[in-house]
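In: Return atomic coordinates for the entry below.
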Amino acid sequence: MSEDTNNHAMNRPEDESLALNKRMSRRHLLASIGAAGAAAAAGGLLAGASKSYGQSIPVANAVYGKVRAHSAMMNTMNAVGCVVVTTYVQLRANTLPDANVIYYVKDAGYEGHFYYDASDVTAPDNTGLVLVSTSGARFKRIVETESINVKWFGAAGDDATDDAAAIQKAIDHIPASGGVLYFPPGIYRVGTSLSLSSNLTLQGSGMSVTVIREHSSLTARIFYILGSSGSRKSNISFFDLTIRNGTAITSGNPTISRDGVRAEYVDGLTFVRCMFTEIQGLYALVVKYCTNVLVEDCTFYRWSYGAMMVMVECENIIVTGSTFDTATTTSAGNAYTFATGGERTNEGSFLVKNVWVTNNKFLNNPAWEGLDTHGGENIWFLDNYIENCKTGILAAIGGSYVANPVLRNVVIEGNVVVQGTGGNGYYGIVVQGKDTSPAEGIIINGNRITGFGGTVESGDTIGAISLHSVRNFSITNNTADEYAQNGINLYYYTNDGVISGNTLRNCRGGKTVSTAAIRLASWGIYNCLIENNTVSPTDASKRPKFGIRADSRFLSVQLRNNAIKHLAAGGSAYLGAANLPVQWSAAPTDNLTQKFGDMICNASGKPEWYVSGPAIGFGSLYTGVVVTASINAGSATLTALNTVNADYRGLPEGMNITVAGAGEGGAALNARVIKNSKTTIELDTAASTTVATANVTYQGLTLTS
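Out: This next block holds a predicted model:
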């Protein structure tokens with residue numbers, strides 16, 4: 001092309017039909033598209049730099065590192081050296097396509113380079129990647145990275161248009177090998193749920209500027225990522241955007257289907273720097289049958305029922321650095337912040353495994369828990385801050401979502417749990433198993449709990465830390481302050497554990513006869529060591545009535561080196577001392593250097609008495625315990641007849657007992673407890689003689705690994 005020809009072309013009046021086929025030099029291209037376009041061209045394609053018109057380099061680099069230029073495009077540019085500036089309308093009207101020309105579309109939001117593919121006569125026009133002219137020519141977008149811009153496919157992002165079809169079209173045109181779907185700043189409303197494919201990244205421009213929310217016609221969730229047991233989806237990520245669905249309710253029931261994101265049968269699901277807000281449905285984010293889920297630096301703000309729910313058969317879940325703030329409902333019976341659970345009976349083979357919840361904030365859910373489980377294995381709740389929730393952390397077996405639910409290997413460590421100003425929180429930390437399936441392997445260490453224990457009308461068993469039906473546990477190095485009812489409470493079938501190194505400060509009230517720093521509240525508690533704890537209220541008006549309270553008879557509970565002082569008037573360091581297998585000694589005259597030396601101080605700090613050591617060892621008989629029972633010859637089922645001076649329900653599995661007269665020829669029957677169902681006791685040996693009111697005595701426990 002000559003310089004005169006170029007000048008003549010540029011000086012003619014605008015003629016769109018001729019402009020379509022006009023070849024331009026680089027100089028005239030820069031002049032024609034103006035300063036902004038010149039900067040983009042000079043700094044990008046024409047200078048040989050890699051740049052996607054789907055997203056800016058910083059966004060792409062944030063996801064993939066250095067962006068690669070499309071080699072075919074660069075080769076084509078070097079070969080032809082010519083670019084025509086055009087529009088979508090003009091390109092679709094082009095009747096004289098030229099394979100030696102690169103066509104630059106300048107429409108706002110649709111910017112990019114296209115080439116004419118003479119070999120393709122079948123590809124449909126999809127608005128974003130392929131444009132078909134009236135003559136049947138196929139113009140194909142040159143995509144420099146894996147990124148595709150939703151606006152190429154017609155998404156408006158104007159907070160009014162229903163963009164669902166355009167966004168779904170963009171999703172569907174990302175190859176199976178994967179890619180990035182880029183959302184420029186805007187509010188994208190959707191009237192139908194969006195379905196995602198594998199190997200897909202949704203990249204926003206920041207959670208404050210890219211919002212995907214409901215259109216007025218939407219009656220379902222925003223995103224539905226649905227695989228199946230035989231065809232799982234994988235590697236789906238969300239970055240830097242906000243998901244909203246309606247307005248979070250404050251009364252009544254949530255709109256069940258109006259979730260934010262629901263994912264099932266997905267391996268590899270990531271959310272980074274995303275916000276979930278104003279969720280009208282049940283859950284902001286719910287995952288089920290999923291593995292390898294990461295939620296990092298996200299914000300959940302204002303949800304109706306559950307912020308994040310991890311359901312059956314989920315493994316390897318990490319939630320870190322995120323903030324969960326404000327469950328809005330005031331009428332629902334409960335509302336979850338983070339929880340594990342399910343929806344239907346026996347819908348999975350296991351609940352959840354390998355869950356890490358670390359360094360998060362859980363705020364403002366006065367209706368229910370900050371952190372909750374309905375069971376699971378290998379769960380870590382570490383270094384979280386929890387405030388203004390009815391219960392701070394609940395780890396429990398609940399529901400019938402799997403046939404044999406368990407709660408096993410749970411670490412609750414380094415958390416700060418603060419009750420709200422309302423003062424009606426029940427538990428700071430509570431772990432609950434079942435009588436037939438106790439929670440096992442529980443570590444509660446180094447937590448700071450302020451408040452909890454409810455109002456003065458609340459039940460006796462609540463408090464800062466409470467364990468129900470738990471086996472193999474440790475409660476160590478925790479601090480509880482401003483608690484009501486109890487600082488630490490053991491309840492029902494809780495055994496094989498240590499309570500050590502805890503500091504229990506001010507008790508702000510509760511039922512007058514019940515407040516205790518440490519309480520053993522019911523039967524079935526055995527083989528526990530309580531040592532090196534400090535009960536030291538700093539406010540004279542907030543002293544517990546009892547230091548350590550025992551409400552029933554227990555086996556092998558040892559008290560050592562606890563410092564208990566400043567109790568309420570009329571209180572005692574130990575209530576129900578006769579229920580514990582310990583010796584009580586007069587106050588010593590020396591400086592308490594004895595091995596067991598459990599020092600008890602009065603309000604002035606002077607020692608009153610101490611526990612010198614266990615009166616009976618593990619596996620010995622507490623002489624005040626007698627049970628009468630009946631058993632038939634040939635049967636191994638013992639029926640207890642009385643609970644006078646004893647509570648047979650506390651007979652643990654593994655206990656060796658003697659049943660008078662039930663053996664061969666009327667001799668004593670020596671047997672081992674296999675199962676205690678509270679009304680009957682299954683033995684490992686059948687009786688030879690029927691007895692009606694035989695005395696049952698304890699021989700001791702036999703522990704097996």
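In: Where does the prediction get shaky in the stretch 551-700 of the chain?
Out: Along the stretch 551-700 of the chain, segments meeting pLDDT under 70 span 552-556, 569-627, 642-653, 678, 698-700.
In: Let me know how buried the closest residue to residue 298 other than its chain neighbours is, in neighbour terms.
Out: Excluding the flanking residues, the one nearest residue 298 by CB to CB, 6 or more residues apart in numbering is residue 322, at 4.4 Å. No exception for glycine: its C-beta is placed from N, CA and C like everyone else's. When counting by other CB atoms under 10 Å, one arrives at 26 neighbours for residue 322.
In: Quick check: residue 322 touching residue 296?
Out: Yes: using CB atoms under 8 Å, residue 322 is in contact with residue 296, at 6.9 Å.
In: Give me the domain ranges for this protein.
Out: Using automatic domain parsing, the domain ranges for the chain come out as 3-145, 149-528+539-550+569-579, 627-701.
In: Next, format those domains as JSON lines and append distance to residue 557.
Out: Shown next, in JSON lines, are the domains of the chain (distance: least, CB to CB, whole Å):
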{"stretch": "domain 3-145", "distance to residue 557": "57"}
{"stretch": "domain 149-528+539-550+569-579", "distance to residue 557": "5"}
{"stretch": "domain 627-701", "distance to residue 557": "12"}
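In: which of the ones you listed sits most buried?
Out: Neighbour counts (mean count of other CB atoms under 10 Å) averaged over each of the domains of the chain peak at domain 149-528+539-550+569-579, with a mean of 21.
In: For that domain, what is the distance to the chain centroid?
Out: Mean-position distance between domain 149-528+539-550+569-579 and its chain equals 5 Å (CA atoms, centre = their mean, to the nearest Å).
In: And for stretch 96-104?
Out: The answer for stretch 96-104 is 54 Å, by CA atoms, centre = their mean.
In: Output it as PDB, nothing but the C-alphas.
Out: Provided in PDB are the C-alpha atoms of stretch 96-104 (Å, rounded to 0.1, in the frame of the first residue of the first chain):
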ATOM      1  CA  LEU A  96     -15.700  -9.600   1.400                       C
ATOM      2  CA  PRO A  97     -13.800 -11.400   4.100                       C
ATOM      3  CA  ASP A  98     -10.000 -11.400   3.800                       C
ATOM      4  CA  ALA A  99      -7.800 -14.100   5.400                       C
ATOM      5  CA  ASN A 100      -4.800 -11.700   5.300                       C
ATOM      6  CA  VAL A 101      -6.500  -9.200   7.700                       C
ATOM      7  CA  ILE A 102      -6.900  -9.000  11.400                       C
ATOM      8  CA  TYR A 103     -10.200  -7.400  12.400                       C
ATOM      9  CA  TYR A 104     -10.200  -5.400  15.600                       C
END
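In: pLDDT averaged over it - what is it?
Out: The pLDDT scores in stretch 96-104 average 92.
In: Would you mind measuring from the residue most central in space within the chain to residue 529?
Out: The chain has residue 338 as the residue nearest its centroid, 4.3 Å off, counting by CA atoms, centre = their mean. For residue 338, the distance to residue 529 equals 32 Å [CB to CB, to the nearest Å].
In: cool, residue 507 as well?
Out: 23 Å.
In: in the sheet, who's paired with the closest residue to the residue nearest to the centre of the chain other than its chain neighbours?
Out: Nearest residue to residue 338, sequence neighbours excluded (CB to CB, 6+ apart): residue 308, at 5.0 Å. On the basis of DSSP bridges, residue 308 is bridged to residue 285, residue 338.
In: can you pull the pLDDT of residue 308?
Out: Per-residue pLDDT puts residue 308 at 95.
In: Repeat that for residue 34.
Out: 39.
In: do residue 253 as well
Out: 73.
In: in the stretch 151-300 of the chain, which spans are helices?
Out: For the stretch 151-300 of the chain, the helices defined by DSSP state H, counting those that start in this stretch cover 164-172.
In: how about the domains of the chain, which one is nearest residue 563?
Out: Nearest of the domains of the chain to residue 563, taken as CB to CB: domain 149-528+539-550+569-579 at 9.3 Å.
In: mind listing what residue 638 touches?
Out: 629, 630, 631, 659, 680, 681, 682, 683, 696 (CB atoms under 8 Å, 6 or more residues apart in numbering).
In: And residue 488, by the same measure?
Out: 463-466, 475, 478, 480, 499, 502, 504, 517-519.
In: Which of those fall in helices?
Out: Among the contacts of residue 488, no member falls in helices (DSSP state H).
In: name the helices or strands packed onto the helix or strand hosting residue 444?
Out: Secondary structure assignment for residue 444, by DSSP states H and E: strand 439-445. Under the contact definition 3 or more CB pairs under 8 Å, 6 or more residues apart in numbering; DSSP states H and E, strand 439-445 sits against strand 385-396, strand 407-413, strand 427-432, strand 463-468, strand 470-476.
In: could you redo the last one with a cut-off of 7 Å?
Out: strand 407-413, strand 427-432, strand 470-476 (3 or more CB pairs under 7 Å, 6 or more residues apart in numbering; DSSP states H and E).
In: quick one on the thing from earlier: relative to residue 637, how far out is the residue nearest to residue 338?
Out: 46 Å.
In: coming back round to it: ok, of the domains of the chain, where does mean pLDDT dip lowest?
Out: domain 3-145 (a mean of 62).
In: ok, residue 550 touching residue 522?
Out: No: contact criterion CB atoms under 7 Å: residue 550 and residue 522 do not qualify, at 10.2 Å.
In: rewinding a little: and residue 560, which of the domains of the chain is closest to it?
Out: domain 149-528+539-550+569-579 (9.1 Å).
In: Please name the residues that touch the residue nearest to the centre of the chain.
Out: When contacts are counted by CB atoms under 7 Å, 6 or more residues apart in numbering, residue 338 touches 307, 308, 319, 324, 357, 362, 371, 372.
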